[in-house]
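>>> From the sequence below, what's the structure:
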Amino acid sequence: MTLTVDLAATFSADGADDFHIAAAFEVETGETVVVLGPSGSGKTLLLESVAGFHDHEGAVRHDERVISNDPPESRDFGFVFQDYALFPHMTVRENVGFGLRYHESERDPETLLSELGVAALAERSPPTLSGGERQRVALARSLAVDPEVLLLDEPLSSLDVPTRQTLRDDLQDVLADATAIYVTHDRTTARALADRIVVMNDGGVVQTGTPTDVFERPASPLVARFTGSNVLPLAALPSLRETVDGTTDDSGYVAIRPEAVVLAGGDAGAVDATATVERVTREDASTRVVCALVTGDGTDVTVDAYSDDPPGVGETVSIRFPRDALTVC
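Numbers count the residues shown, from 1 in each chain. This next block holds a predicted model:
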């Protein structure tokens, strides 16, 4: 079974220019495709169009059956909303079982609540729950109808960091065998959950690939920056011009992950740049060092790197860019 998305839509708002989205990709059985992009890139509008909430051109096919004109309730999709969309006047149990009256295929609500760790909340009402508890209930409600495809619209975005991390771990289990489209602007979530990533910007798809493709081999400076890579102008770094994929074009850019950048010691031998340390920030597992490069043409270039033994702010450091970690973009 394959879900094929090949659609275009135009959205109008009073006093604003029309916004256009266009996307084409496939989701194979058991695959999680993450749609990743900045806020305002059209991710949610795309997901809602796939779900049938908006009219569009093109087609959505489910196992070769065109479902573009089917109402949402006939598409056999489960939808997890960013704002939970639970019925406040119903109990948790009633919320989870709400959709069962409309579907022949179903899963036991009690089992789902237990699997998601909220069985003890079955008689509670949504307003009495925390954000993480509400999102677990919303996920259970979507899974209760045993959907062919699960659509998730940034379900972790409003949660605090510890709750987000815990629920992200649980989602890895939930999505392991599910066919799903997951929308997010969070690159950590994308790397954790995706089998493939579709990167969107300004309503269009700018790159599609595995997490390794997108994060390690970004197709453009825009994708590189958004996924957390350093973007280096070749014109400012002469040592890189003739060593990256044989290019001699100094008008382009190369990308490199911060974890691949080497802060070289005094006996490092040949280095690619010298830099002044501007900021040192302790993160969960290591320390991020932001360096301002000294470039031959005076271009302002900053580079992020990680270090277990970070230099101090204001120190001068040498930097190496391993060639096998550089990507022309």
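>>> Residue ranges in this protein under the pLDDT threshold?
Residues of the chain meeting the criterion pLDDT under 70: 14-15, 99-106, 242-251, 265-270.
>>> per-domain residue ranges of it.
2-221, 231-328 (automatic domain parsing).
>>> ranking the ones you listed by burial, who's on top?
Most buried of the domains of the chain, by mean neighbour count (mean count of other CB atoms under 10 Å): domain 2-221, with a mean of 18. Glycine gets a C-beta too; all of them are placed from N, C-alpha and C.
>>> Doesn't V223 lie inside a helix?
Yes - under DSSP: H, G, I helix; E, B strand; the rest coil, V223 falls within a helix.
>>> count of residues packed around it?
Using other CB atoms under 10 Å, V223 has 24 other residues around it.
>>> tell me the contacts of it?
Listed by CB atoms under 8 Å, 6 or more residues apart in numbering, the contact set of V223 reads V199, V206, Q207, V214, C329.
>>> secondary structure element for the residue nearest to the first one when sequence neighbours are not counted?
In space, V199 comes closest to Q207 once its chain neighbours are excluded; the distance is 4.4 Å by CB to CB, 6 or more residues apart in numbering. Secondary structure assignment for Q207, by DSSP states H and E: strand 204-209.
>>> Report the next helix or strand after that strand in sequence order.
Once the chain leaves strand 204-209, the next helix or strand it forms, by DSSP H and E, is helix 211-216.
>>> any idea where the strands of the stretch 51-200 of the chain begin and end?
Under the criterion DSSP state E, counting those that start in this stretch, the stretch 51-200 of the chain carries strands at the ranges 57-62, 65-66, 77-80, 149-153, 180-184, 196-201.
>>> And the third one, what does it pack against?
Right, strand 77-80. Judged by 3 or more CB pairs under 8 Å, 6 or more residues apart in numbering; DSSP states H and E, strand 77-80 is in contact with helix 43-51, helix 131-144, strand 149-153.
>>> let's see it at 6 Å
Under the contact definition 3 or more CB pairs under 6 Å, 6 or more residues apart in numbering; DSSP states H and E, strand 77-80 sits against helix 131-144, strand 149-153.
>>> mind putting those in a markdown table, distance to S74 included?
Formatted as a markdown table, these follow (distance: least, CB to CB, whole Å):
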| stretch | distance to S74 |
| --- | --- |
| helix 131-144 | 16 |
| strand 149-153 | 13 |
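>>> which stretch among these comes nearest M1?
Nearest to M1 among these is strand 149-153 (9.0 Å), distances taken as CB to CB.
>>> Against which helices or strands is the closest one packed?
Checking 3+ CB pairs under 6 Å, 6+ apart, strand 149-153 ends up next to helix 43-51, strand 77-80, strand 180-184.
>>> How far away from the center of its chain is it?
14 Å (CA atoms, centre = their mean, to the nearest Å).
>>> go on, stretch 206-218?
For stretch 206-218, the distance to the chain centre is 11 Å (CA atoms, centre = their mean).
>>> which residue ranges form the strands in the stretch 201-329 of the chain?
Under DSSP E, counting those that start in this stretch, the stretch 201-329 of the chain gives strands at 204-209, 230-233, 253-256, 262-264, 273-282, 287-294, 302-307, 316-320, 327-328.
>>> Please enumerate residues in contact with the first one?
Residues external to strand 204-209 that are found in contact with it (CB atoms under 6 Å, 6 or more residues apart in numbering): A22, A23, F25, V198, V199, V214, A219, V223.
>>> What helix or strand is the second one located in?
With the criterion set as DSSP H and E, the secondary-structure element containing A23 is strand 16-28.
>>> Moving C-terminal from that strand, which element do we reach first?
strand 32-36.
>>> Alpha carbons only: can I get that next one in PDB?
Below are the C-alpha coordinates for strand 32-36, written out as PDB (Å, rounded to 0.1, in the frame of the first residue of the first chain):
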ATOM      1  CA  THR A  32       7.100   7.600   8.600                       C
ATOM      2  CA  VAL A  33       7.600  10.600   6.400                       C
ATOM      3  CA  VAL A  34       8.400  13.800   8.400                       C
ATOM      4  CA  VAL A  35       7.500  17.100   6.700                       C
ATOM      5  CA  LEU A  36      10.100  19.500   8.200                       C
END
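>>> From the contact counts, what lies against that strand?
strand 180-184, helix 187-193, strand 196-201.
>>> ok, back up a step: of all the strands of the stretch 51-200 of the chain, which one is nearest G314?
strand 196-201 (36.2 Å).
>>> can you list contacts of stretch 108-120?
By CB under 6 Å, 6+ apart, stretch 108-120 touches V96, G97, A122, E133, R136, A140, L143, A144.
>>> Could you rerun that using 7 Å?
92-93, 96-97, 122, 133, 136-137, 139-140, 143-144, 170 (CB atoms under 7 Å, 6 or more residues apart in numbering).
>>> quick one: terminal-to-terminal distance for that stretch?
The first and final residues of stretch 108-120 sit 15 Å from each other (CA to CA, to the nearest Å).
>>> and if you look at stretch 150-167?
First-to-last distance for stretch 150-167 - CA to CA - comes to 16 Å.
>>> Give me the contacts around it.
44, 47, 50-51, 77-82, 131-132, 135, 142, 168, 178, 180-184, 189.
>>> And stretch 51-69, by the same measure?
Stretch 51-69 has contacts (CB under 7 Å, 6+ apart) with 1-9, 45, 48-50, 70-72, 75, 77, 79, 148, 151.
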